[in-house]
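Enquirer: Model the structure of this input:
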Amino acid sequence: MNSQHISRRQLLRNAGIAAAAVGAASVAATSGMAAPAAAAAQSGPITTAYVEVNNYSIADVGNYVLASNSANVFDLGIIFAANIDYNGSSAYLSFNSQVQATLDNAATQIAPLQAQGIKVLLSVPGNHQGAGFANFPSQSAAAAFAEQLAEAVATYNLDGIDFDDEYADYGTNGTAQPNASSFPYLVQALRNDLPDKLITLYFIGPSSTTLSYDGIEVGSLLDYSWNAYYGTWEVPAVPGMSASQLGPAAIEIDSTATSTATSLAQETVSGGYGVYNTYNLPDGDASSYLSSFTQTLYGSDAVYTG
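Expert: Take a look at the predicted model:
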């Protein structure tokens, strides 16, 4: 792992103490509330939380801490999902009404999480229109879409982008099939646009098999990659990434058996892997379920604070 990735991981691991303090002060200034204290640091793998914002609130990610030290249970909150759409000639980034509402209400939905030291990413899958990360026809086309992603990150003060190469339906609407250069060109352009933000890969689809091209090694440009199949263990095959950047365990909250959630956490720790991936965090108190893996990852139950 290069020094840039180490510094970003360390920022996550320590809950961004300095940045969180600034963010908390900002939230307090705009809300009239006292600034919350920066979260304690947990030790162990980072934990993701994908939230289906069509159904639930991304703010739920901030409602869980460890009983032992009040550290955040989740390090990454991931808004699921924006889309890569197609207008008949080129790909473009789109938001449905619920995603747009989440982004428009960043002051109440996103900034409080960041004030706690939680990073907020935007997940971007396909939308059954033929456009995807793996079929850009040229380097300039890939760079143009990367610019749209970077603009969204800047506009809504997000912490990065998560690539999810599902639902593209390559070939639909006369679009091309996947090629070898598209995803490497896209990630390279986005890393150039977002040198200090997180770029992650949900390990699925053609993009997960086209990870190098003409000297571009996608693994050296990503921060993390994790398994996309819930209830299973699969090490993402991303050359150039270390175990500390990979999440072979994936669970769906309240659907994957608690015994499986526990055993996958045990494998994560024993294998020295750096990420534990969770999907579909709901509204309400899910602390009993979350404790099935936090006990193993962090030696503590999860507590609901919402």
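
Enquirer: Every contact and neighbour count from this point should use C-alpha atoms.
Expert: Fine.

Enquirer: quick one: residue 272 from residue 221, how far?
Expert: 21 Å (Cα to Cα, to the nearest Å).

Enquirer: Neighbour count for the two, which is higher?
Expert: residue 221 (24 against 16; other Cα atoms under 10 Å).

Enquirer: I'd guessed the more buried one sits against residue 189; true?
Expert: No. The criterion here is Cα atoms under 8 Å, and residue 221 misses it with residue 189 at 9.9 Å.

Enquirer: what touches both of the two?
Expert: Counting by Cα atoms under 8 Å, 6 or more residues apart in numbering, residue 221 and residue 189 have no common neighbour.

Enquirer: Based on its surroundings, how many neighbours for residue 270?
Expert: With other Cα under 10 Å as criterion, residue 270 counts 9.

Enquirer: what do you get for residue 182?
Expert: 25.

Enquirer: what's near enough to touch it?
Expert: Contacts of residue 182 (Cα under 8 Å, 6+ apart): 133, 134, 135, 136, 137, 138, 139, 142.

Enquirer: Can you check the pLDDT for it?
Expert: pLDDT, residue 182: 98.

Enquirer: on that earlier part again, mind checking which of the contacts of residue 182 land in helices?
Expert: Those of the contacts of residue 182 mapping onto helices are 139, 142, per DSSP state H.

Enquirer: Derive a ChimeraX selection command for the buried subset of the contacts of residue 182.
Expert: Of those, the buried ones can be selected in ChimeraX as follows, counting by 16 or more other Cα atoms under 10 Å:
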select :133,134,135,136,137,139,142
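
Enquirer: Dump the contacts of residue 182 to CSV, plus pLDDT and distance to residue 51.
Expert: What follows is the contacts of residue 182, written out as CSV (pLDDT from 0 to 100; distance: Cα to Cα, whole Å):
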residue, pLDDT, distance to residue 51
133, 98, 22
134, 98, 25
135, 98, 27
136, 98, 28
137, 98, 32
138, 98, 33
139, 98, 32
142, 98, 27
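
Enquirer: could I get the contacts of residue 182 as TSV with distance to residue 212?
Expert: Formatted as TSV, those follow (distance: Cα to Cα, whole Å):
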residue	distance to residue 212
133	14
134	12
135	15
136	15
137	16
138	15
139	14
142	15
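
Enquirer: closest to residue 277 among the contacts of residue 182?
Expert: residue 133 (21.8 Å; Cα to Cα).

Enquirer: from what I can see that closest one touches residue 183, true?
Expert: Yes. With contact defined as Cα under 8 Å, residue 133 reaches residue 183; the gap is 5.5 Å.

Enquirer: Pull up the overlap in contacts between those two.
Expert: Joint contacts of residue 133 and residue 183 (Cα under 8 Å, 6+ apart) are 142, 207.

Enquirer: just the helices in the stretch 51-200 of the chain please.
Expert: Ranges of helices within the stretch 51-200 of the chain are 97-104, 106-109, 111-115, 139-155, 182-193, based on DSSP state H, counting those that start in this stretch.

Enquirer: Extract the C-alpha set from the longest one and format it as PDB.
Expert: To tie it back to what came earlier, the one meant is helix 139-155. Listed next in PDB are the C-alpha coordinates belonging to helix 139-155 (Å, rounded to 0.1, in the frame of the first residue of the first chain):
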ATOM      1  CA  GLN A 139     -10.300   7.600 -22.700                       C
ATOM      2  CA  SER A 140     -12.000  11.000 -23.100                       C
ATOM      3  CA  ALA A 141     -15.400   9.500 -22.600                       C
ATOM      4  CA  ALA A 142     -14.300   7.800 -19.400                       C
ATOM      5  CA  ALA A 143     -12.700  11.100 -18.200                       C
ATOM      6  CA  ALA A 144     -15.900  13.000 -18.900                       C
ATOM      7  CA  PHE A 145     -17.900  10.700 -16.700                       C
ATOM      8  CA  ALA A 146     -15.200  10.800 -14.000                       C
ATOM      9  CA  GLU A 147     -15.600  14.600 -14.100                       C
ATOM     10  CA  GLN A 148     -19.300  14.200 -13.400                       C
ATOM     11  CA  LEU A 149     -18.600  12.000 -10.400                       C
ATOM     12  CA  ALA A 150     -16.000  14.400  -9.000                       C
ATOM     13  CA  GLU A 151     -18.500  17.300  -9.400                       C
ATOM     14  CA  ALA A 152     -21.100  15.400  -7.400                       C
ATOM     15  CA  VAL A 153     -18.500  14.700  -4.600                       C
ATOM     16  CA  ALA A 154     -17.600  18.400  -4.500                       C
ATOM     17  CA  THR A 155     -21.200  19.700  -4.800                       C
END
